[in-house]
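Visitor: Structure for this input, please:
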Amino acid sequence: MSATSDSPQEGGKEDSNKQRQSNLQRIQQRKQSVREWPQDKKMEKLAIYSSCKADESCKCNGWKNPNPPPNPPRPDAPTPTSTPADPCRTCSHPLSSHVSHLTTVGEDELDRLLGIVVDVENLFMCVHKEEDSDTKQVYFYLFKLLRRCILQLSKPSVEGPLGNPPYEKPSIAKGVTNFVLFKFNHLPPKEWQMMYDLAKMFLHCLNHWKLETPTARKQQMSTEEISAYKVNYTRWLCYCHVPAFCDSLPHYDTTLIFGRSLLKSVFQTMRKQLLDKFRAEKDKMPPEKRTLVLTHFPRFLSLLEEEIYSNVSPIWDPEFKQNPPAHVSAGAGAMGEVAVTGGKKRPGDALEEDSEDVKRRKYEDENLEEAVAEIVGVIEDQNKALGPQAMFPEHAPRDEAAKIEERNKVIEFHCIANSLTDRVPKQTMLWLIALQNVFSHQLPRMPKEYITRLVFDPKHKTLALVKDGRPIGGICFRMFPSQGFSEIVFCAVTSNEQVKGYGTHLMNHLKDYHIRNGVMHFLTFADEFAVGYFKKQGFSKDLKLPKGVYGGYIKDYEGATLMGCELNPKIVYVEFTAVVRRQKEILKKLVERKQEQIRQVHPGLSCFRDGVREIAVESIPGILETGWEPPPQDKFRYKSTRNSDEKADQEHLYNVLKTILTACRNHQSSWPFLNPVDRKAVPDYYEHIKFPMDMKTMAERLKANYYVNKRLFIADMKRMFTNCKAYNAPETEYYNCANVLDRFFINKLKDHGLIEKV
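Guide: Predicted structure coming up:
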């Protein structure tokens with residue numbers, strides 16, 4: 001990483017930043033100047049980068065001035081230095097022969113090509129000035145790419161093994177946005193806005209940060225880490241860094257196309273250099289900015305670091321969803337976009353809208369929604385038809401009967417409490433007395449005086465379960481809103497009403513009550529008889545609240561276990577079991593539908609009857625369609641080399657397989673296998689051979705990148721030989737050709753290291 005990043009909080013720009021800005025301005029001025037040239041001057045410039053069109057035999061790739069000036073002409077030269085009739089110094093054809101294909105091209109297209117010419121010249125200088133070999137290689141690749149675009153009048157597109165952005169989901173921008181929502185939603189509006197601004201500042205810094213070269217980081221990383229970093233560094237150069245000054249290439253923000261893996265590799269270095277930079281510039285900053293970047297920003301980065309390197313952080317979950325706090329207006333609600341872009345968008349930034357993968361997922365989601373809606377309709381119709389059986393299904397949830405009684409007004413739930421300031425209704429006092437009796441009877445080890453004191457304490461509330469006008473159970477609790485939790489002190493249901501699901505339904509009502517009041521944690525001391533009940537209600541001994549939050553607020557009880565429960569504000573707990581059951585039914589139906597679509601019956605393997613001793617697993621019909629992949633330790637009949645197929649470089653593998661296939665096709669015994677067997681010439685062949693293979697088909701598969709590993713390639717070749725031997729008699733010429741070519745094929749595999757020499 002480099003400490004020369006552009007920062008929105010900088011007090012004074014460093015010389016390197018000024019130089020960078022000056023270079024960008026100079027490039028844009030140069031492009032504008034070139035676009036204002038007269039037509040003949042533009043043609044002369046483009047002729048230098050255009051191949052000769054005089055005749056097909058001419059291989060000249062660019063017109064060269066027969067009388068070059070001692071120094072390059074000035075950009076604002078009013079007249080061209082050459083005429084259309086001037087011959088090329090290389091091929092002797094006139095300048096007009098190099099630009100004949102441009103005579104019908106519009107002015108906008110000429111200006112676009114001239115812009116690419118300026119970028120080519122800048123990249124040429126970068127190649128010569130760059131000292132790092134990895135970076136120089138990328139610069140040279142992009143130089144050749146843009147050069148080819150001028151020759152072919154095409155638009156630049158980076159192709160190859162790098163893939164297309166975005167490279168990881170969620171992106172860095174999405175992860176940092178999730179971090180702000182996850183960590184700071186409880187803060188007051190002013191403090192929340194400050195954290196939001198710090199997040200934007202961090203993303204802006206990362207978008208303008210210059211990554212360290214892989215060579216510079218070799219000492220800090222393992223071999224595996226440096227290999228992954230090198231890939232991301234190359235992607236960053238091609239899509240983020242170089243397009244910043246060569247706008248002919250599509251440009252993407254670093255925080256939009258990279259995710260957690262890149263952030264983990266650069267965060268600590270970036271954090272140190274950023275803070276060092278801010279400390280060095282503190283005297284140039286206004287007081288409010290100095291406080292922001294020297295006091296609050298380090299704390300922000302420390303909290304973010306915990307989430308970046310934590311294995312259980314939820315902010316990197318692609319399904320993470322959390323609404324902004326209530327004070328965030330609808331206009332500021334699209335905080336992800338504001339935090340990510342931070343400025344003008346370029347064509348390459350429209351990742352989501354232009355991505356074919358996103359369009360495909362959107363189409364699949366729409367189909368899924370239709371399927372789910374149809375299934376829900378079927379389930380509801382079935383429930384209506386089943387009647388009572390649907391009301392009490394097999395394996396019904398514990399609280400199902402209690403919910404039905406509540407809908408039928410058999411039971412009711414009331415949250416009641418005593419008061420020393422307001423008049424308490426007589427009904428409430430009678431219910432509190434009845435609840436005190438229930439708790440005393442069901443909790444005999446608890447002193448009655450203690451129960452009475454807490455039930456009638458105005459600071460405590462009780463959720464009462466009322467049946468036939470009298471309480472039959474309840475939960476007594478005390479809320480600590482400032483600390484974000486409630487303590488459950490008593491929970492009981494009268495003995496003759498137990499095992500009916502009342503306890504579960506009572507707890508679910510209490511959870512919904514607390515969510516409505518903004519309290520998301522429960523704490524309770526459970527005795528040995530109550531631990532099982534609380535576990536079923538989602539309580540755990542692993543507390544989510546730090547001890548500093550509840551310490552001094554609740555009393556310790558000897559012989560009891562402190563348990564806690566964290567509530568999810570997205571869940572309506574009284575409907576939770578019904579929703580989960582419905583989801584299970586929908587998933588079951590979706591799985592059944594999918595199985596109907598993919599379930600295919602393939603004919604049995606008949607090759608073993610014909611003397612075949614073994615075949616590759618992946619050659620079994622239908623096995624690959626199921627999603628099965630050969631494990632790394634799974635070996636073909638030949639012993640694999642130490643470097644597994646999964647780690648093999650795809651481009652290298654392609655070239656090796658192409659070489660082997662070409663050698664086999666050129667072999668003197670290959671003639672029976674060059675093309676598919678002619679059905680007219682051999683009518684019964686396809687009755688005996690159900691899975692034919694030939695080298696023309698293999699060449700097509702190789703071109704289509706079907707052979708992602710060597711096993712697939714070897715399996716197809718071996719199948720071809722097996723088919724030949726199965727159909728033809730041993731004394732035939734075809735059988736002999738199969739044996740000869742098989743031996744030749746195995747030797748080629750050994751020569752190229754795809755199998756070990758035994």
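Visitor: ok, the nearest residue to residue 445 once chain neighbours are set aside to residue 164 distance?
Guide: Among residues not flanking residue 445 along the chain, residue 527 sits closest, at 7.4 Å (Cβ to Cβ, 6 or more residues apart in numbering). In this view, the C-beta of every residue, glycine as well, is placed from N, C-alpha and C. Distance, residue 527 to residue 164, using Cβ to Cβ, to the nearest Å: 60 Å.
Visitor: Ok, residue 474 next?
Guide: For residue 474, the distance to residue 164 - Cβ to Cβ - is 60 Å.
Visitor: Tell me which of these two has more neighbours.
Guide: Counting neighbours by other Cβ atoms under 10 Å for residue 474 and for residue 164 shows that residue 474 has the greater number, 31 against 15.
Visitor: Show me what the more buried one bridges to in the sheet.
Guide: residue 464, residue 492 (DSSP bridges).
Visitor: these two touch, right, it and residue 435?
Guide: Yes: here residue 474 reaches residue 435: they are 4.8 Å apart, a contact under Cβ atoms under 8 Å.
Visitor: any common contacting residues for these two?
Guide: 462, 464 (Cβ atoms under 8 Å, 6 or more residues apart in numbering).
Visitor: From residue 462, how far off is the residue of the chain positioned farthest from its centre?
Guide: Computed with Cα atoms, centre = their mean, the residue of the chain farthest from its C-alpha average is residue 426, at 59.8 Å. Remark: distance between residue 426 and residue 462 (Cβ to Cβ) = 16 Å.
Visitor: so which helix or strand takes in residue 401?
Guide: Residue 401 belongs to helix 400-407 when elements are defined using DSSP states H and E.
Visitor: do residue 255 as well
Guide: Judged by DSSP H and E, residue 255 forms part of helix 254-257.
Visitor: Now do that helix: which elements does it pack against?
Guide: Counting contacts by 3 or more Cβ pairs under 8 Å, 6 or more residues apart in numbering; DSSP states H and E, helix 254-257 is packed against helix 172-184, helix 189-207.
Visitor: For the residue nearest the centre of the chain, which non-adjacent residue is closest in space?
Guide: Nearest to the mean C-alpha position of the chain, by Cα atoms, centre = their mean, lies residue 169 at 1.6 Å. Nearest non-adjacent residue to residue 169, counting by Cβ to Cβ, 6+ apart: residue 318, 5.3 Å away.
Visitor: pLDDT averaged over the helix or strand encompassing residue 243 - what is it?
Guide: Secondary-structure assignment from DSSP H and E places residue 243 in helix 242-245. Mean per-residue pLDDT for helix 242-245: 88.
Visitor: If you count neighbours, what's buried in the helix or strand hosting residue 234?
Guide: Residue 234 belongs to helix 223-236 when assigned by DSSP H and E. Of all the residues in helix 223-236, those buried under the rule 16 or more other Cβ atoms under 10 Å are 226, 229, 230, 231, 232, 233, 234, 235, 236.
Visitor: thought the first one was touching residue 218?
Guide: By that I understand residue 226. Yes: between residue 226 and residue 218 there is a contact at 5.8 Å, judged by Cβ under 8 Å.
Visitor: Strands of this protein, start to end?
Guide: Ranges of strands in the chain, per DSSP state E, are 411-416, 461-467, 470-480, 485-493, 521-526, 561-566.
Visitor: Need those in a markdown table (columns: mean pLDDT and distance to residue 295).
Guide: Listed next are the strands of the chain as a markdown table, based on pLDDT from 0 to 100; distance: least, Cβ to Cβ, whole Å:
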| stretch | mean pLDDT | distance to residue 295 |
| --- | --- | --- |
| strand 411-416 | 92 | 43 |
| strand 461-467 | 94 | 41 |
| strand 470-480 | 94 | 30 |
| strand 485-493 | 93 | 30 |
| strand 521-526 | 92 | 30 |
| strand 561-566 | 92 | 31 |
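Visitor: Excluding chain neighbours, what is closest to residue 416?
Guide: Residue 416's closest residue in space is residue 428 (Cβ to Cβ, 6+ apart), at 4.9 Å.
Visitor: pLDDT at the one you found, what is it?
Guide: The predicted local confidence for residue 428 is 92.
Visitor: Likewise for residue 637?
Guide: 42.
Visitor: Could you name the helices and strands sitting against the helix holding residue 243?
Guide: helix 15-35, helix 133-152.
Visitor: export those to a markdown table and tack on mean pLDDT and mean neighbour count?
Guide: Listed next are the helices and strands packed on helix 242-245 as a markdown table, based on pLDDT from 0 to 100; neighbours: other Cβ atoms under 10 Å:
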| stretch | mean pLDDT | mean neighbour count |
| --- | --- | --- |
| helix 15-35 | 71 | 14 |
| helix 133-152 | 87 | 18 |
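Visitor: Let me have those helices in a markdown table, adding distance to residue 709 as columns.
Guide: A markdown table is the format used below for the helices and strands packed on helix 242-245 (distance: least, Cβ to Cβ, whole Å):
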| stretch | distance to residue 709 |
| --- | --- |
| helix 15-35 | 44 |
| helix 133-152 | 26 |
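Visitor: before we move on, the earlier item: now the residue nearest to the centre of the chain: phi and psi?
Guide: phi -120, psi 130 (degrees, to the nearest 10).
Visitor: looking at it, it is touching residue 259, isn't it?
Guide: Yes: between residue 169 and residue 259 a contact is recorded at 6.5 Å, counting by Cβ under 8 Å.
Visitor: Give me the neighbour count for the residue nearest to residue 445.
Guide: For residue 527, using other Cβ under 10 Å, the count is 13.
Visitor: ok, now which ones touch it?
Guide: Applying Cβ under 8 Å, 6+ apart, the residues contacting residue 527 are 445, 559, 560, 561.
Visitor: how about the helices of the stretch 551-700 of the chain, start to end?
Guide: Assigned by DSSP state H, counting those that start in this stretch, the helices in the stretch 551-700 of the chain fall at 576-598, 650-665, 685-688, 695-703.
Visitor: Who are the contact partners of residue 61?
Guide: 51, 52, 151.
Visitor: out of the residues you listed, who's nearest residue 265?
Guide: Ranked by distance to residue 265 (Cβ to Cβ), the contacts of residue 61 are led by residue 151 at 37.4 Å.
Visitor: Check what pLDDT the closest residue to that closest one other than its chain neighbours gets.
Guide: Residue nearest to residue 151 in three dimensions, not counting chain neighbours: residue 51, with 5.6 Å by Cβ to Cβ, 6+ apart. If you check residue 51, the pLDDT there is 83.
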